[in-house]
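[1] quick one: sequence and predicted model below, then my questions.
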Amino acid sequence: MIETIDLVIRSACVGICALLVIHFAAIRPVSRKTISAVTFLIAGIAVIIGSSMIFISASDNIAFIHVTIFAVTPAMIAWGLLELFEDDFQVQPWQIIFIALSIPTHYLSKDNQTLVIVCGISSLIIYGYLFYITVTTRAHDLVEARCKFRFWFMGSAALTGIAFTFFHIIYGKFLPVSLQLLNAGMFLILSIIFAYWALKVRQHIWALPQNFATKRPDTLSPAEVSLLTKLQASMKEDIWREEGLTIRKLAETLNAPEHRLRKVINQGLGYRNFAAFVNEHRIGAACEVLADPIKAVVPVITIAYEVGYASLGPFNRAFKDIVGESPTEYRKRSFSHA
């Protein structure tokens, strides 16, 4: 009876996710956003099936498939969500190395309890990293249809992954019936919520990021147009130089509701990410200094501080993302053309 209930719930989850895969696959043009959504859903389907009572009971006969599911899916889920909800997400070398070491460990863990625990910990790290990114980047998203949802959904997905990975470390692959049904129920809830959001949001969510795009504020109300004017004036007064500037601080400075300021920057100026909006001003000012022969002796780190960065690392990354080369390389090239 319990196996039947578990199967019914998981079948509903798989059906929802499969329909969403078809929906995203049909979106044209194909973008990294839609590919990441499909990746997340396929990984979700694999986990839903792989953690079912029937599948676990037969896992000794299909051990390779069972191990593959839980070796690969945490990384697929994390990448899929981060790529989907973060416009500027880039896979880092250390992440590739971590996954490259983690996956083979799962295949070596048979009959080795120590490696089983190591595998569980590696999955906890992946889901923990997803939760960390969810919390630390929530304030930068300017796409209204995505902003709140990404925080709650990504956070819930990450915490679900953490919880059930922890339970599997304690109980092994055979969870108590109550936890097994809770697992299935959580998958169903997350599937329904994601389906509702994915089908409700506007088409531009799934398009390629359009940072630095110029948009006409035709969709803004008179009050929002007024706020846009105040915002542009404050940016000309170099408010972007303030270290640690957030959209909340900027809204307080402009005496405006934060949600309204998000809409103005997104729909009035075409930015999907607050950091991208601020970085364009900061990097533009940095380029002027770096290309000035009179200021050739000014250290790069000093320039980074002057335009609002707290350290050199974030400045270098932002500079390379926007300009395509490091500040030092840009300075050398500017002087060679002088």
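    Now that the structure is in, tell me what you want to look at.
[2] who touches stretch 103-112?
    The contact list for stretch 103-112 (C-beta atoms under 8 Å, 6 or more residues apart in numbering) reads Ala63, Val67, Phe70, Ala71, Val72, Ala75, Leu115, Val116, Val118, Cys119, Ser122. No exception for glycine: its C-beta is placed from N, CA and C like everyone else's.
[3] which of the residues you listed are buried?
    Val67, Phe70, Ala71, Val72, Ala75, Val116, Val118, Cys119, Ser122 (16 or more other C-beta atoms under 10 Å).
[4] so what's the gap between the helix or strand hosting the fourth one and the chain middle?
    With the criterion set as DSSP states H and E, the secondary-structure element containing Val72 is helix 63-85. Shown here is helix 63-85, whose average C-alpha point lies 15 Å from the average C-alpha point of the whole chain (C-alpha atoms, centre = their mean, to the nearest Å).
[5] what is the orientation angle of the helix or strand just after that helix with helix 63-85?
    Once the chain leaves helix 63-85, the next helix or strand it forms, by DSSP H and E, is helix 93-108. Counting by axes from the mean of the first three to the mean of the last three C-alpha atoms, to 10 degrees, helix 93-108 lies at 160 degrees to helix 63-85.
[6] sorry, back to before: looking at the buried ones among the contacts of stretch 103-112, spot the one nearest Val298.
    Ala75 (42.4 Å; C-beta to C-beta).
[7] if I look at the nearest residue to that closest one once chain neighbours are set aside, how far off is Phe70?
    Nearest non-adjacent residue to Ala75, counting by C-beta to C-beta, 6 or more residues apart in numbering: Ile99, 4.9 Å away. Distance of Ile99 to Phe70, given as C-beta to C-beta, to the nearest Å: 13 Å.
[8] hmm, back to that, average pLDDT for the helix holding Val72, rounded please.
    Taken as a whole, helix 63-85 has an average pLDDT of 91.
[9] could I have it exported to CSV, CA atoms only?
    The C-alpha trace of helix 63-85 is given here as CSV (Å, rounded to 0.1, in the frame of the first residue of the first chain):
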residue,chain,number,x,y,z
ALA,A,63,23.4,-0.7,-9.1
PHE,A,64,25.3,1.2,-11.9
ILE,A,65,22.1,3.2,-12.8
HIS,A,66,21.3,3.9,-9.1
VAL,A,67,24.9,5.2,-8.4
THR,A,68,24.9,7.3,-11.6
ILE,A,69,21.7,9.1,-10.6
PHE,A,70,23.0,10.2,-7.2
ALA,A,71,26.5,10.9,-8.4
VAL,A,72,25.5,13.2,-11.2
THR,A,73,22.2,14.8,-10.3
PRO,A,74,23.3,17.1,-7.4
ALA,A,75,25.6,18.9,-9.8
MET,A,76,23.0,19.0,-12.5
ILE,A,77,20.4,20.4,-10.2
ALA,A,78,22.7,23.1,-8.8
TRP,A,79,24.0,24.1,-12.2
GLY,A,80,20.5,24.1,-13.8
LEU,A,81,19.1,26.4,-11.1
LEU,A,82,22.1,28.8,-10.9
GLU,A,83,22.2,29.1,-14.7
LEU,A,84,18.4,29.6,-14.8
PHE,A,85,18.2,32.3,-12.1
